[in-house]
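> Need the 3D shape of this:
(4 chains, ligands or ions: 6)
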Amino acid sequence: MGKPDLSVEVAGIKLRNPVMTASGTFGYGKEFADYLDLEKIGAIITKGLSIRPKAGNPTPRIVETPGGMLNAIGLQNVGIDAFIQEKLPFLRTVNTPVIVNLYGNTLEEYGELAEKLDKLPEVAGLEVNISCPNVKQGGIVFGTDPNAAYEVVSLVRESTIKPLIVKLSPNVTNVVEMANACVDAGADALSLINTLTGMAIDLQKRRPILANMTGGLSGPAIKPVALRMVWQVAQAVKVPVIGIGGIMTATDALEFMLAGATAVQVGTANFLDPSAAQTIAEGMETYLEENGIADVKELIGALIT
Amino acid sequence: MGKPDLSVEVAGIKLRNPVMTASGTFGYGKEFADYLDLEKIGAIITKGLSIRPKAGNPTPRIVETPGGMLNAIGLQNVGIDAFIQEKLPFLRTVNTPVIVNLYGNTLEEYGELAEKLDKLPEVAGLEVNISCPNVKQGGIVFGTDPNAAYEVVSLVRESTIKPLIVKLSPNVTNVVEMANACVDAGADALSLINTLTGMAIDLQKRRPILANMTGGLSGPAIKPVALRMVWQVAQAVKVPVIGIGGIMTATDALEFMLAGATAVQVGTANFLDPSAAQTIAEGMETYLEENGIADVKELIGALIT
Amino acid sequence: MQFKSMIISNIEVSPGYFKMRMTAPPAVRSATPGQFIMVRVRDAIDPLLRRPFGIFDLGTFATAYTDCGTQTYFEILYKVVGKGTEMLSTLHQGDHLDILGPLGKGFMPGDPSGEKILVGGGVGMAPLYYLAKEMVKTSKVRLFAGGRNKEDILCITEFERLGVETYVSTDDGTLGASGLVTEVLEKHLSESIDNKTIFACGPFPMLRAIAAIAGRHDIPCQVSLEAYMACGVGACLGCVMKGRNHSNETPDYRCVCKDGPVFDYRDLQWD
Amino acid sequence: MQFKSMIISNIEVSPGYFKMRMTAPPAVRSATPGQFIMVRVRDAIDPLLRRPFGIFDLGTFATAYTDCGTQTYFEILYKVVGKGTEMLSTLHQGDHLDILGPLGKGFMPGDPSGEKILVGGGVGMAPLYYLAKEMVKTSKVRLFAGGRNKEDILCITEFERLGVETYVSTDDGTLGASGLVTEVLEKHLSESIDNKTIFACGPFPMLRAIAAIAGRHDIPCQVSLEAYMACGVGACLGCVMKGRNHSNETPDYRCVCKDGPVFDYRDLQWD
Ligand SMILES: Cc1cc2nc3c(=O)[nH]c(=O)nc-3n(C[C@H](O)[C@H](O)[C@H](O)COP(=O)(O)OP(=O)(O)OC[C@H]3O[C@@H](n4cnc5c(N)ncnc54)[C@H](O)[C@@H]3O)c2cc1C
Ligand SMILES: Cc1cc2nc3c(=O)[nH]c(=O)nc-3n(C[C@H](O)[C@H](O)[C@H](O)COP(=O)(O)OP(=O)(O)OC[C@H]3O[C@@H](n4cnc5c(N)ncnc54)[C@H](O)[C@@H]3O)c2cc1C
Ligand SMILES: Cc1cc2nc3c(=O)[nH]c(=O)nc-3n(C[C@H](O)[C@H](O)[C@H](O)COP(=O)(O)O)c2cc1C
Ligand SMILES: Cc1cc2nc3c(=O)[nH]c(=O)nc-3n(C[C@H](O)[C@H](O)[C@H](O)COP(=O)(O)O)c2cc1C
Ligand code: FES
Ligand code: FES
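Ligands and ions are numbered 1, 2, ... in the order given. Predicted coordinates:
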């Protein structure tokens, strides 16, 4: 048998293997260039981008929890202009698809940003983070209301012809309903899950540990919830699904593919091991070899139930 | 300083300390009698009870996940009649409040069961598990729809004058909305959280590990989500809140109290250490002593934000 | 009982198989063969749950300190299959473990004049050694030991030293007869079944085959089962098996941890 | 760089404080004082994140094997404060650790003719030893070491052996002068500030006080900060401090891991 085929296609973006890096956990790629070969992973997803630079939350912004971590970075980022000037030039030199994760504080900001990104040839696709409060509508979170999600995704869809991935929040009663709304609005693919909202407390100080009080839970702790949601959504929608949540090993990644994911994203694992994404991709290849599987696509949704 | 006061009152039930055992993780108390002093804990909450005996799910029913575990016991239980005959006699001999956790497959079953339990003097209170699908209404889960929750809690309220605790599911977009619906319907207290729905997969077998495919995630992994929800709900409602989710130590328990819980329940920790509930109660006493706190009630909701 | 044990030794007895000897309180001496313990591998959340192991052997030794008299110990024989057993295998003499046990219901020896047929598959041999040690005192004991290959055949010399007559078989024929242990057993029983009782421990398919054999020959048979366990004390209902009278309307579940791990094969449903 | 280190020694140098020596690849020798490493305490999810530690010392020794030539090592000095450091303290010679580093920006030695004023609070002394070792080669070095009590005063003899002039103070007066290290420092500076530069590491309130002192006396001052870190490489934005020009509209955050941990105090906002 020759080398197994690890390539997959998501929303029209061709990936050499299914392992992408999750937004906010991999900076703009360059930060990890010393630790892995950026051309050995499937895609780089950049830190959540907004139209203007965003200060984010006060510190402490992160805290470890059992088997996971909470973060309340508050979507600090350089803004689209600095992104184009300071971050894109390096990414241009890397022969790996770059997917830009974006968010807005209002509907209009989403549209504006998508329009600007649409013009950048270096950007292979957009990943829309809808887990943000809509400042104009009294802080109701786009990602927990199907109508609001439909609206924002529709607007982004009108603003770009680039491949459009929508990233779903797990903090909902019915993730399938949210998934359907996003697909109806024109999403080419769905990625899930974003972080679960959580809290940590310092008993001695009697204060929340995070300055923001609550934060997003990520890491191995959330993997079972992520697997369940990916499985539910993959059964319900016709577009490709990208599995995210607590992926640390090739085994984890392949479990998500069995559950129906076409590709995966590695987040918190990058902190434990900055070469994690590459190690996981290589581990997947080894698994396929050892088990005589010619094409990783055979595993997508292959769960026996 | 004398011994600190650990007693609290929940829904009119006086507890010698705030540490109860969570339903389904402590059997009917007797199973743990060799490992701890049942009269050193606040209350015993028994395994979810239904009107008729329930077979539950096929095995495997449990699997460990990172920092947690999934269970899909399927609410196996002996039914109210066998409970009265086989389990109550032992519990009657223990000088600790017994709270019966109950559930139904239909609205009517909840009412019927509450009526029967209302007549038992050994039962200090009821904890209603609403995280169950309503068989008659096409499987919609009582605990994820405020109207369904209002209906079921109202019916139970009409069927009993005993203290009524309603146990909330975390698998919802807006836990505060659920909490309000239950309080409006007459709940004397709220307990949260029940388990998060999750899944685990065996890569080699290409199958879900649990025969039921999905299960409920419990243990330290879910603690941040539980703390956040307890904090949100405690701020929103006027009734006492009981904190549940990944409590392993006295520190964990006290964090929940800072977040607004009047009492706590210890679940998965009972499996790691069958004397956990007592150890935690003792640890809370030590903490109060060492920090010169005369009354544990001073800590309830004392989080500085 | 919940107690702290100190590890006395932890050695690899066959590739991937370890035998660990630990100190125990004197009360552990009353454990019956077939009972098990639950080990807290680490005082951390990873692994989270305790891991169950059968008691391989149990006894006392004289301590070096005359004042202390004797020390009770017990042994487990375990196979490295995952995270927990992997971590166990790296522990050293002097390390401590938090133990729950002895738990569950062990084997019932029955009429001493009868012949005892022990059947072990792989690491299923573990609880049979302590059983054999007790039974050779009064009865004729035979051991049928099976495994996939010769590495899976454990501690045969120890059994032979007890005076047990052993019959080894491996799937690949690398040790003893070639084939399944159930085939060798069936052949043996076809010669005579007089006053014999089977005591079996091993993978579920093996036990099911043995239950079928016992049924066919109508001989008494006790099996020791495995199951995913959380509590070990009958509280979580994670480890259940369908009992004889089980139906969805009249649930008759048995907890492997509390009603077992040893069952009369006729008390269970084998479908 | 990411590499595996073998522990050479791990000893308690003061109650609750440990010094660990580890092997390292030769490239680590180019680390500058003030840089740090991130340690994966265990290959498990508990603890999950790496833990950051300053480089206490660094060097080479001749190995026993002539073929191998010299071996590079480095040391960390750490205080047991929680789960991760607790676990570190139980590790033994021969155990391995996964290390990331050297990371961040270290101290800038500046004009060698100037006098170097090192200020360390508690375990904040850690990165100052390696700094002192480099600076005594060319400059006059003084160390102001503070702590809550005498247990917090670490490795003073080692500094003195380098030829560093040391000034010890403790909050409770159990060693050296009684009072805050900043008071002793302020007193010293009030005598003369000629061509002096401050290099400080310790708890945030101490650093803020020192920044204020440096401002008042208008002397150069570099501080080494701590922060909760996840990635250590400038990617997660967990460890940020407000930079000089920071406002909500024009965010000017500095990553402690990448832009620091050592900063010119004038580059930060201290409110
Ligand atoms: C009553 C009883 C007695 C046992 N006695 C022994 C013994 O004497 N020697 C011995 O080596 N093993 C024994 N086992 C099995 C042993 O408990 C498991 O091998 C062990 O828990 C695996 O832990 P792990 O963390 O290494 O594996 P994990 O990482 O948890 O799992 C690795 C693999 O082992 C399987 N597995 C895990 N736990 C169990 C379980 N409880 N039952 C069945 N399969 C499981 C999983 O499906 C998985 O494929 C016994 C089990 C029971 C229930
Ligand atoms: C650049 C840098 C260099 C450091 N150098 C050293 C050193 O040389 N020697 C040394 O002993 N310590 C040093 N520290 C601090 C050290 O990283 C923490 O003490 C350690 O991570 C605590 O881990 P733990 O698991 O034991 O504690 P945890 O259980 O994680 O926490 C225990 C307590 O320590 C606090 N804490 C945990 N992590 C940090 C952190 N990153 N920064 C500040 N407070 C924290 C928590 O708030 C908590 O109160 C350094 C930190 C940084 C950022
Ligand atoms: C520090 C940090 C920052 C993050 N920032 C973003 C972000 O900017 N946009 C986004 O969509 N998700 C963000 N996430 C969520 C991750 O992309 C991912 O969905 C989540 O962490 C779950 O995956 P994991 O368990 O592998 O980390 C962030 C996560 C972390 C830990
Ligand atoms: C094995 C198991 C069985 C459970 N059975 C019930 C039940 O019957 N009724 C119920 O309301 N909750 C049940 N729960 C949920 C627990 O009571 C508790 O809400 C949950 O486990 C979270 O707490 P923990 O993290 O401390 O375990 C069960 C949990 C476990 C692990
Ligand atoms: S393991 Fe809990 S009932 Fe058997
Ligand atoms: S620790 Fe991640 S940016 Fe500094």
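> Return the nearest residue of chain A with respect to chain C.
Among all residues of chain A, residue A:66 sits closest to chain C, at 5.2 Å; criterion: C-beta to the nearest C-beta. In short, each C-beta sits where N, CA and C put it, glycine included.
> check contacts around that residue.
A:221, B:67, B:219-221, B:223, B:246, C:45, D:46 (C-beta atoms under 8 Å, 6 or more residues apart in numbering or on different chains).
> Not counting sequence-adjacent ones, nearest residue to it?
residue B:220 (3.3 Å; C-beta to C-beta, 6 or more residues apart in numbering or on different chains).
> Pull out the buried residues from the helix or strand hosting residue A:80.
Assigned by DSSP states H and E, residue A:80 belongs to helix A:79-82. For helix A:79-82, burial by neighbour count (16 or more other C-beta atoms under 10 Å in any protein chain shown) applies to residue A:80.
> Kindly report the same for stretch A:164-179.
Neighbour counts over stretch A:164-179 (16+ other C-beta under 10 Å) mark A:164-173, A:175, A:178-179 as buried.
> From residue C:14, how far out is the residue in the stretch 101-250 of chain C that ligand 1 sits nearest to?
Closest approach between the stretch 101-250 of chain C and ligand 1, counting by C-beta to the nearest ligand atom: residue C:126, at 3.3 Å. To residue C:14, residue C:126 is 12 Å away according to C-beta to C-beta, to the nearest Å.
> What is the strand ranked longest in chain C packed up against?
Taking DSSP state E as the criterion, chain C has its longest strand at strand C:2-14. Packing contacts for strand C:2-14, counted by 3 or more C-beta pairs under 8 Å, 6 or more residues apart in numbering or on different chains; DSSP states H and E, involve strand C:17-24, helix C:83-89, strand C:96-103.
> how about the ones you listed, which one is nearest ligand 4?
Proximity to ligand 4 (C-beta to the nearest ligand atom) singles out strand C:96-103 among these, at 16.7 Å.
> Spit out the contact partners of the residue in the stretch 101-250 of chain C that ligand 2 sits nearest to.
The nearest approach of the stretch 101-250 of chain C to ligand 2 comes at residue C:230, 27.0 Å away (C-beta to the nearest ligand atom). By C-beta under 8 Å, 6+ apart, the residues touching residue C:230 are B:62, B:69, B:71, B:268, B:271, C:49, C:236, C:238-239.
> In JSON lines: these, plus neighbour count and pLDDT.
Compiled in JSON lines, the contacts of residue C:230 are given as follows (neighbours: other C-beta atoms under 10 Å in any protein chain shown; pLDDT from 0 to 100):
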{"residue": "B:62", "neighbour count": "26", "pLDDT": "97"}
{"residue": "B:69", "neighbour count": "29", "pLDDT": "98"}
{"residue": "B:71", "neighbour count": "28", "pLDDT": "96"}
{"residue": "B:268", "neighbour count": "29", "pLDDT": "98"}
{"residue": "B:271", "neighbour count": "27", "pLDDT": "98"}
{"residue": "C:49", "neighbour count": "26", "pLDDT": "97"}
{"residue": "C:236", "neighbour count": "29", "pLDDT": "96"}
{"residue": "C:238", "neighbour count": "26", "pLDDT": "96"}
{"residue": "C:239", "neighbour count": "29", "pLDDT": "97"}
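> Looking at those residues, which is nearest residue D:24?
Closest to residue D:24 out of the contacts of residue C:230 is residue C:49 (37.7 Å), distances taken as C-beta to C-beta.
> In the stretch 201-305 of chain A, what residue lies closest to chain B?
Proximity of the stretch 201-305 of chain A to chain B (C-beta to the nearest C-beta) peaks at residue A:224, 2.9 Å away.
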